[in-house]
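Chemist: Coordinates for the following, if possible.
(chains A and B)
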Amino acid sequence: MAEDMTPRTIDKRKLPELAGLIIAAGHRLYGPVRNGGEVTLTEIAEKPPLDFAYGNFKMSPKNFFLPQSEVICRFCGGDMLKDAVSAEEKKVLLGIRPCDARAVWLMDKVFLEEPGDFYYKQKRDSTILISAACLSPETTCFCTSVGGSPAGTEGSDILLFDLGKALLLDPASPRGEDFLNRFSEMTSEASKKQVSQKEQLAQEAASRLKKISLDGVAEKFARAFDSDLWAAPSQKCLGCGICTYFCPTCHCFDVTDETVREKGRRLRTWDSCMYPLFTLHASGHNPRPSQKERVRQRFMHKFSYSVQNHGELFCVGCGRCIKNCPVNLDLREVITR
Amino acid sequence: MSANVRTSEELKSAARKLFEEGKIDLLIGYERGTLPLRTTPCFITSAEEVDRLVWDGFCSNNLAAYLPHLFSKEGKPKGWQPPKVAIVAKGCDGRSIIGLVKEKQAPRENVIILGVPCRGIVDLKKVLRALDHKEPVSGEAAEDASVIVRLDGGKEIRLGRDEVLFDSCKDCPHPEAPVCDLHVRPEIPEKKAERDFTDVADFEAKSPRERWDYFVREISKCIRCYACRQACPNCYCATCFAEQTQPKWIGVGTDLSEVMIYHLGRIFHQAGRCVDCGACVRACPMSIDLRVFTRKMVKDVKELFGYEAGISVEEPPPLCTFKTDDDQSFITEP
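Modeler: Below is the predicted model of the structure:
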């Protein structure tokens, strides 16, 4: 699909103008904004980003599709009120990394397969993903070990390469091509030299990533349910939700009704398998009574169940769980053990 | 041999001896982490494993946080006996352990406190800031907690102690565990003078309105991952009020009011108990200034009731005592 389309290019100096046109066309534009050392995906009103030389966003873009807290309906007595769900605004996410776009592609398998999740689909359909190829991976990155690549296109509509003075815009989906066509007066066809430069950059980035061997991890974990593999990591795990909340593919949620007399709202919120409440039954019984079962669940879900259910590992190698874990519990150690 | 290596070696011999003499079932300490400038908690159960142990200025976790769970009867089989545990303790960790002993979360006779000479812990966020956010590939901490880091390409940079130390470690009045069973390399350098609480003066000088605004601004960053609670030795409730469902005290969403109630609950439950170890701040992935609030309470408790947490096993905690002349100004003059 993507191979048939011609990459476009734009002089970086023209980026503010392009951003203006995108916003004028009714999209809310989100891009990389530096705040101290951290880069966050922030709404851009005027000054567009020119700098794609960061590692990755502090938080993944998961919140755009599966918000941490979302009202899914309001009710009064037995009546459903119609005011909770409004049409989604059109959004463009500029500069997310291919690993995070791949995570969205993985979440699509969960939320878009029949019957499909209305709330997720609505957000997904109204959002264009422009990924920026990851040219300087961090030490905690391992995307090439889990099926991705620093210039991977899964989930993206357009893949952008920073070529120094210019940006190369490579359409990665029909929607991306359509989007580029709408702004074609701002861009020109990429030269052969630029295309080969892009390929070289992608190769260089991939070669900088350390590969870890995950052959047969799904089968290994499936056999290791009762093994002592989980003892060491669960012993030091504090049981906070950082790894799951920072993970771009963790998608477990809770649904709670909050009511005052007869009026109320139904909330969908992120949940975490690290928490005791995650599997607590109404009876008081908890099938995952200790951190051992909870840690095991997180690894089994990502590296075994997801392979059985969706044919893919549900880890994209972004390294956020490794970077942010307060006790340096390194997922790479557990999956290669 | 550097001072930290010497301490690590002595720690290993002490640990080996404890196992060989059959005095402990488990030792909780630190081993080298998988990332530059990090260590990770390690759980050792035999003399053969003690060589994993390390000690340096990267040993940031407060290991006392693991104790309540180890000694809790919940989920343990009938006839279960509490284990004998040795635990590597900085000054603040040692104070946390004493707090847990006093609150009956750890039997004193089952815990061997291995005091290490701590001169402060390195704040990795400060290191990154000093390096203009370039990731180091390796690094070492000297005994005075100054740091040498190496960048990709081999460039070496030395960062001074004052530049990289955690705020909670600056002018620490208790670098050694006040109650200790075994001192590893006890020749601790000069003891710091009494801490003067100038670091909360700015916060105190604010009007109640401004203080509230500051609180709201900081708490707005919270993602409710509960890392501050989980990293804190004092937070050992079997079910936190924030997660109780019968009755439900607070909502599950990210509305500011819910998040604030969680934090107010957490902070006020620390009154007279917080040892200012900074574990909550270190665990917080959103860089919330959690410490200023608990620090202010540490000051109030010290000034109003003359009590400092985790200094002695015998001294009764202020929340467990009543004197007719107790200062009550904190009620009327917040």
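
Chemist: what are the pairing partners of the lowest-mean-pLDDT helix or strand in chain A, and which direction each?
Modeler: Among the helical and strand segments of chain A, the one scoring lowest on mean pLDDT, DSSP states H and E is strand A:79-81, with a mean of 85. Strand pairing for strand A:79-81, using DSSP bridges, gives strand A:69-76 (antiparallel).

Chemist: Now the partner strand: buried residues?
Modeler: For strand A:69-76, a neighbour-count test (16 or more other CB atoms under 10 Å in any protein chain shown) marks A:Ser69, A:Glu70, A:Val71, A:Cys73, A:Arg74, A:Phe75 as buried. Quick note: C-beta positions are derived from backbone N, CA and C, even for glycine.

Chemist: Leaving aside the residues adjacent along the chain, what's closest to the second one?
Modeler: Leaving aside its chain neighbours, A:Glu70 sits nearest to A:Arg268 (4.9 Å; criterion: CB to CB, 6 or more residues apart in numbering or on different chains).

Chemist: Okay, domains of chain B per the record?
Modeler: Under the assignment automatic domain parsing, the domains of chain B span B:1-123+B:165-195, B:197-327.

Chemist: Briefly note if the last one comes near chain A.
Modeler: Yes - part of domain B:197-327 sits close enough to chain A to count as contact by CB under 8 Å from any CB of the partner chain, namely B:223-227, B:229-231, B:239, B:243, B:245, B:251-255, B:282-283, B:285.

Chemist: if we can go back for a sec, give me the next element, helix or strand, following the least confident helix or strand of chain A.
Modeler: Counting by DSSP states H and E, the element after strand A:79-81 in chain order, helix or strand, is strand A:91-96.

Chemist: quick one: the helices in chain B?
Modeler: For chain B, applying DSSP state H gives helices covering B:3-20, B:67-71, B:91-102, B:124-130, B:161-164, B:201-205, B:208-219, B:227-231, B:256-268, B:279-283, B:291-305, B:329-332.

Chemist: Looking at these, which is nearest to A:Thr256?
Modeler: A:Thr256 lies closest to helix B:256-268 among the helices of chain B, at 11.2 Å (CB to CB).

Chemist: could you give the mean pLDDT of that closest one?
Modeler: Helix B:256-268 carries an average pLDDT of 96.

Chemist: which secondary structure elements does that helix contact?
Modeler: The elements that helix B:256-268 packs onto, with contact taken as 3 or more CB pairs under 8 Å, 6 or more residues apart in numbering or on different chains; DSSP states H and E, are helix B:208-219, helix B:291-305.

Chemist: can you redo those helices as a markdown table with mean neighbour count and mean pLDDT?
Modeler: Converted to a markdown table, those look like this (neighbours: other CB atoms under 10 Å in any protein chain shown; pLDDT from 0 to 100):
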| stretch | mean neighbour count | mean pLDDT |
| --- | --- | --- |
| helix B:208-219 | 13 | 96 |
| helix B:291-305 | 20 | 93 |
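
Chemist: Save the ones you listed as TSV, and put in distance to A:Thr9 too.
Modeler: Shown next, in TSV, are the helices and strands packed on helix B:256-268 (distance: least, CB to CB, whole Å):
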stretch	distance to A:Thr9
helix B:208-219	42
helix B:291-305	49
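
Chemist: for the domains of chain B, which one ends up most surrounded?
Modeler: Here the criterion is mean neighbour count by mean count of other CB atoms under 10 Å in any protein chain shown, and of these the winner is domain B:1-123+B:165-195, at a mean of 19.

Chemist: Next, the distance between the ends of that one.
Modeler: 32 Å (CA to CA, to the nearest Å).

Chemist: go on, stretch B:222-232?
Modeler: Terminal residues of stretch B:222-232 lie 17 Å apart, using CA to CA.

Chemist: Okay, strands next: where are they in the stretch 51-200 of chain A?
Modeler: Under the criterion DSSP state E, counting those that start in this stretch, the stretch 51-200 of chain A carries strands at the ranges A:69-76, A:79-81, A:91-96, A:127-132, A:158-162, A:166-171, A:188-189.

Chemist: mean pLDDT lowest for which of these?
Modeler: Of all the strands of the stretch 51-200 of chain A, mean pLDDT reaches its minimum on strand A:79-81 (a mean of 85).

Chemist: Check the offset of it from the chain's centre.
Modeler: 33 Å (CA atoms, centre = their mean, to the nearest Å).

Chemist: show me what contacts A:Ile10?
Modeler: Listed by CB atoms under 8 Å, 6 or more residues apart in numbering or on different chains, the contact partners of A:Ile10 are A:Leu18, A:Ala166, A:Leu167, A:Leu169, A:Met186, A:Thr187, A:Ser188.

Chemist: how about a cut-off of 6 Å?
Modeler: Counting by CB atoms under 6 Å, 6 or more residues apart in numbering or on different chains, A:Ile10 makes contact with A:Leu167, A:Thr187.

Chemist: Heading C-terminal from whichever strand or helix holds it, find the next helix or strand.
Modeler: In this assignment (DSSP H and E), A:Ile10 forms part of strand A:8-11. Next in sequence after strand A:8-11, counting helices and strands by DSSP H and E, comes helix A:15-24.

Chemist: Tell me the strands beside the strand holding A:Ile10, with direction?
Modeler: The strands that strand A:8-11 pairs with in its sheet are strand A:166-171 (antiparallel), strand A:188-189 (antiparallel) (by DSSP bridges).

Chemist: These: which one's closest to A:Lys210?
Modeler: Closest to A:Lys210 of the strands paired with strand A:8-11 is strand A:166-171 (CB to CB; 26.0 Å).

Chemist: Identify the residues contacting the closest one?
Modeler: Where contact means CB under 6 Å, 6+ apart, the residues beyond strand A:166-171 that reach it are A:5, A:7-11, A:158-161, A:177, A:180, A:190, A:194, A:198.

Chemist: thinking again about what came up before, deepest-packed of the strands paired with strand A:8-11, please.
Modeler: Comparing those by mean neighbour count (mean count of other CB under 10 Å), strand A:166-171 comes out on top with a mean of 23.

Chemist: which residues of the chain score low on pLDDT?
Modeler: In the absence of a named chain, chain A is used. Scanning chain A for pLDDT under 70 picks out A:1-4, A:48-49, A:84.

Chemist: ah, no, chain B please
Modeler: Applying pLDDT under 70 to chain B picks out residues B:186-194, B:334.
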